[in-house]
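> give me a 3D structure for the following:
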Amino acid sequence: MVVDIGRDEVTESYDAIEFGCNDDRKHIQLQFRKKKYISEGTFATVYSIRTVPDDDIRALKRVVKLPTLTNELKILQRCNGHPNICKMMAFFYSRFTSEPESHSDKQLYHLNILLEFLPTDLLTIIEHYKKDEQYTLPLLHCKLYAYQLLRGLNALHGNNICHQDLKPSNLLVDPRSGVLKICDFSNSSIFEKANGEPCEHVKFVQDVCSLFYRAPEHLIGTKYYTLSFDLWSAGCTLAELFVGEVLFQSDPAEPQPQLNAMMQVLGCPDESLHDLDSCQFKCQQLLQTSSLKEFLLRRQVSAVHLVGKLVRYTPASRMSAKDALAHPFFEDLHHLETNFKDGVPLPKCLFE
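Numbers count the residues shown, from 1 in each chain. Sure thing, here's the model as predicted:
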C-alpha cells in the first residue's frame, strides 16, 4: 500500500517481520519515506529510507525473490547481531507486475530486507585517500578495518557460511566511529547438508566473486571449494587497503590473464595446486616481476607476512580468520592507550 502524505513525499507501508534482541521476531506495520537510490546489482537495488514516525535512516535492499537470494535472508538471520556483520532490522515481501513483453505480465515478488545504514564503504575510503599518486590512509585505520573484516569473516565461517564476494565495496564503514561491517550475501553459501550437518566443501557455481578477488582454485576450474575461498579474497582486500591499489589486476579481465597477474607477484604455483581436479590451468613460464614485499613496501613487515599467509595458492595452507586475528600486525589495537589522532577512542565493540 502506498499513501501520499503531501509535500512531494510518499509513505510506503508494508506488513513486515521485525527482529529484536535474542532473535525475537514480531509482526509490525513498517512505514518509510524519502526512498533514495544508492546502488544496483544483478538481482537487487539498494535504497536509503527514513522510517515513520521515528525518522531513522535505514538501508532497504529490494531483490527479486529467487531461491538463491532467499539464502541471504537465512544468513542474515543466523549472524544477526554480530558487530561486524550488517544487521537486519526487518524483512517483507512486495508484489510487482513486470513488463508484458519480458515476463508475459507474470506477477513476481520482491524480497525486501531492511538493514542498518552505514554512510560509506571501504572502496570509497580507499579512493578518498589516494591523492597525487600518494596513499595517505593512516596505518591505525588500516589495522582497525582489517581486524574487523577478519572478525566478521571468522563469525561467518564459524556459522559455516562462505561469503564468496569479499571486496572493498562490500564492506560498509562508519568513518566517525571506525566501525566496519560485512554486507551483501547475495552470492553466499551455507556449507551444510540437507540435515543441517556441516560439510567441508560445496560445488562451485559460475562467476562467484569479482574477478580481481577470486581465488585461483575457481579460476582453474576445480569442482569443489571450501571456506578458504574467502581467505584469498580477504588477503586481496587487505593488500588493497594497505596501499590503495588492487593486488592482482589483469588486463583483459579474464581468468587466464588473472592467473598470470597472480604468478607475476607470487611466482608459479607448486604441484599442490595441480591436485585440485583441474583441467583448465596453464602454468605459463612467466617472470616474477614483483613480490608482496615490493607491493606492500610502505607498510610494516608484519603486514606483508599477514597478506602472504592469506594469498596462498593451496586453499588448505591459508591462515584461518581466527588465527589471523591473533597476528602481531594487530598488536597495537589491544593497547588501552591506542586512540585515533584526535583522541577519539577505538570502537567499543572491537573486542566484545
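> can you map out the strands along the stretch 151-300 of the chain?
Counting by DSSP state E, counting those that start in this stretch, one finds strands in the stretch 151-300 of the chain at the ranges 161-162, 171-174, 179-182, 189-190, 202-203, 224-225.
> and the second one, average pLDDT?
Think strand 171-174. The average pLDDT for strand 171-174 rounds to 97.
> Ile125 versus Ala316, what's the distance?
Applying CB to CB, to the nearest Å, the value for Ala316 to Ile125 is 33 Å. Glycine gets a C-beta too; all of them are placed from N, C-alpha and C.
> between the two, which has more neighbouring residues?
Neighbours were counted for Ala316 and for Ile125 using other CB atoms under 10 Å; Ile125 has more, 19 against 8.
> the more buried one in helix, strand or coil?
Assigned by DSSP: H, G, I helix; E, B strand; the rest coil, the conformation of Ile125 is helix.
> likewise for Lys322?
Under three-state DSSP, Lys322 comes out as helix.
> tell me who's in contact with it.
Asn154, His157 (CB atoms under 8 Å, 6 or more residues apart in numbering).
> report the separation between it and Gly308.
18 Å.
> counting by contacts, list what the helix ranked longest in the chain packs against.
In the chain, taking DSSP state H as the definition, the longest helix is helix 139-158. If you count contacts as 3 or more CB pairs under 8 Å, 6 or more residues apart in numbering; DSSP states H and E, helix 139-158 packs onto helix 67-79, strand 171-174, strand 179-182, helix 228-243, helix 321-325.
> which of these is buried the deepest?
helix 228-243 (a mean of 25; mean count of other CB atoms under 10 Å).
> what is the orientation angle of that helix with helix 139-158?
For helix 228-243 against helix 139-158, the angle by axes from the mean of the first three to the mean of the last three CA atoms, to 10 degrees is 170 degrees.
> mean confidence for helix 228-243?
The average pLDDT for helix 228-243 rounds to 96.
> now His141: closest residue in space that isn't a chain neighbour?
Gly178 (7.2 Å; CB to CB, 6 or more residues apart in numbering).
> which ones are touching the one you found?
So Gly178 contacts His141, Leu144, Tyr145, Phe340, Val344, Leu346, Pro347 (CB under 8 Å, 6+ apart).
> mind checking pLDDT for Lys74?
Per the predicted model, pLDDT is 88 at Lys74.
> where's the nearest residue to it once chain neighbours are set aside relative to Gln164, distance?
For Lys74, ignoring the flanking residues on the chain, the nearest one in space by CB to CB, 6+ apart is Ile190 at 6.7 Å. Distance from Ile190 to Gln164, counting by CB to CB: 11 Å.
> that older thread, Gln256: which of the contacts of Gly178 is nearest?
Proximity of the contacts of Gly178 to Gln256 (CB to CB) peaks at Tyr145, which lies at 31.8 Å.
> who does the residue nearest to Lys74 form a beta bridge with?
Ile161 (DSSP bridges).
> which parts of the host helix or strand of Tyr14 are buried?
Using DSSP states H and E, the element containing Tyr14 is strand 10-19. Within strand 10-19, the residues scored as buried using 16 or more other CB atoms under 10 Å are Thr11, Glu12, Tyr14, Ala16, Glu18, Phe19.
> may I have that strand as CSV, with CA atoms only?
Below are the C-alpha coordinates for strand 10-19, written out as CSV (Å, rounded to 0.1, in the frame of the first residue of the first chain):
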residue,chain,number,x,y,z
VAL,A,10,5.2,9.3,-0.3
THR,A,11,5.0,6.9,2.6
GLU,A,12,5.1,3.3,1.8
SER,A,13,3.5,0.8,4.3
TYR,A,14,4.0,-2.9,4.5
ASP,A,15,3.3,-5.8,6.8
ALA,A,16,6.8,-6.9,7.9
ILE,A,17,8.6,-9.1,10.4
GLU,A,18,10.9,-7.2,12.8
PHE,A,19,14.0,-8.7,14.5
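> what lies in contact with the following helix or strand past that strand?
Next helix or strand after strand 10-19 toward the C-terminus (DSSP H and E): strand 25-40. With CB under 8 Å, 6+ apart as the test, strand 25-40 has contacts from 5, 9-20, 45-53, 58-60, 90, 92, 114.
> got any ranges where this protein has weak pLDDT?
Scanning the chain for pLDDT under 70 picks out 1-9, 21-23, 65-70, 96-108, 195, 204-207, 270-290, 298, 336.
> how is it partitioned into domains?
According to automatic domain parsing, the chain comprises the domains 2-116, 120-351.
> looking at these, which is buried most?
Highest mean neighbour count among the domains of the chain (mean count of other CB under 10 Å): domain 120-351, a mean of 17.
> how far does that one sit from the chain's center?
Here the centre of domain 120-351 is set off from its chain's centre by 10 Å, with CA atoms, centre = their mean, to the nearest Å.
> now the terminal residues of it, how far apart.
Chord length of domain 120-351, first to last residue, is 23 Å (CA to CA, to the nearest Å).
> stretch 331-346 too?
14 Å.
> which outside residues touch it?
Contacts of stretch 331-346 (CB under 8 Å, 6+ apart): Pro138, Leu140, Lys143, Leu144, Tyr147, Gly178, Leu350, Phe351.
> which one of those is nearest to Val208?
Nearest member of these to Val208, counting by CB to CB, is Tyr147, at 25.3 Å.
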